[in-house]
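Visitor: Next come a sequence and a model predicted from it.
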Amino acid sequence: AKQNGGSQYCFYTEEMDQHITRKLQLENGLRKAVEQEGIDVYYQPQLDVFSGKIIGFEALARWNHPDLGFISPDEFIPLAEETKLIVPLGEKILLEACRQFRQWMDEGHDLERISVNLSAIQFMDPTIISTVESVLRQTEVAPEHLEIELTESIVQDSVQALPVMHRMKKMGIQLALDDFGTGFSSLSYLKDFPLDTLKVDRSFIQTIHENEKDRAVVDTVIQLADRLGLSVIAEGVETEAQLDYLRSRGCVEYQGYFFSKPLSKTEASALLTRSMAM
Ligand code: C2E
Ligand code: CA
Ligand code: CA
Ligand code: CA
């Protein structure tokens, strides 16, 4: 919101009113959207930096509100968390993403993974393990192909999170730490937590060519992952120069607008078919 000084009290009340109205409208809409399959899953390709091959996709939620239009996940995911709607919504997204992955594999595409974001609320929900087991069983996706993306907010509550992470690990699921480098927690969890992958946050990638310090962070994360025996993927790669830099540093995987924005399932299928013909 714009700062207009402190004098316009009415302006602020009105703005606050509008804010609350929108929130209520979104909350109701969200409940309906979750019930009526109104939220779509989009897929952003993840690629091998060196071969250019598509290795998998990250599933990202998309919501087109009937009256308000496109709502960013940065707005509706926190709302879904607040209202606990994230639990049924997240389950639907996981099921849909795994179904789609199964279909691509059945069509002969050779993919390594489908990545799905889990919020802290979902992760701490007592039903999470049985939900994931059930989805994998229903869709016949091998657990090794499912990667769960977690943020540091989950990892921080380690007393609760650690047993869940270990159970997932035991099932054979891959665990990735999302937005790596943006949190404030200590690095010590990296050695205690059963992670497979670090995901370098896009804020560091975006200024690689302007900012020596961001280069230092990116280099360090790549080296750290290597030393800890973890994979590393860079997100938010928008330019060829950024990709070249990652290649020069031995970063093996990336995703970002440079290759593709998140795609509808139809667009993603067409992309796979085209890349198979090449
Ligand atoms: P995230 O998990 O860090 O996802 C990456 C975000 O970066 C996505 O935004 C993606 O569209 C965007 N992105 C990808 N490549 C580029 C690029 O080259 N440049 C730029 N500027 N952006 C790029 P999106 O889809 O708007 O999602 C925002 C956040 O909402 C996600 O951040 C994630 O935290 C959350 N989210 C989205 N879908 C889900 C979901 O199904 N479950 C949960 N729990 N959270 C989700
Ligand atoms: Ca993510
Ligand atoms: Ca991220
Ligand atoms: Ca993020």
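Guide: Received, thanks. Ligands and ions are numbered 1, 2, ... in the order given.
Visitor: alpha carbons only for contacts and neighbour counts from here, please
Guide: Fine.
Visitor: Residue 231: how many residues sit nearby?
Guide: 18 (other CA atoms under 10 Å).
Visitor: Nearest residue to the residue in the stretch 101-250 of the chain that ligand 3 sits nearest to in space, ignoring adjacent ones along the chain?
Guide: At 4.2 Å from ligand 3, residue 179 is the closest residue in the stretch 101-250 of the chain, using CA to the ion. With sequence-adjacent residues excluded and distances taken as CA to CA, 6 or more residues apart in numbering, residue 179 is closest to residue 201, at 4.2 Å.
Visitor: In contact with the one you found, which residues?
Guide: By CA atoms under 8 Å, 6 or more residues apart in numbering, the contact set of residue 201 is 178-182, 234-236.
Visitor: how about a cut-off of 7 Å?
Guide: Counting by CA atoms under 7 Å, 6 or more residues apart in numbering, residue 201 touches 179-182, 234-235.
Visitor: ok, and the most crowded of those?
Guide: residue 234 (28 neighbours).
Visitor: so how far is ligand 1 from it?
Guide: According to CA to the nearest ligand atom, to the nearest Å, residue 234 and ligand 1 sit 10 Å apart.
Visitor: In contact with that residue, which residues?
Guide: Per CA under 7 Å, 6+ apart, neighbours of residue 234: 199-201, 253-255.
Visitor: Repeat that for residue 50.
Guide: Taking CA under 7 Å, 6+ apart, one finds 247, 252 in contact with residue 50.
Visitor: Check residue 208 too.
Guide: 214-215, 242.
Visitor: anything in stretch 72-80 sitting right up against ligand 1?
Guide: Yes - judged by CA under 6 Å from any ligand atom, stretch 72-80 comes into contact with ligand 1 at 72-74, 77.
Visitor: longest helix anywhere in the chain?
Guide: helix 9-35 (DSSP state H).
Visitor: any idea how far it is from the chain center?
Guide: Computed by CA atoms, centre = their mean, to the nearest Å, the chain-centroid distance of helix 9-35 equals 26 Å.
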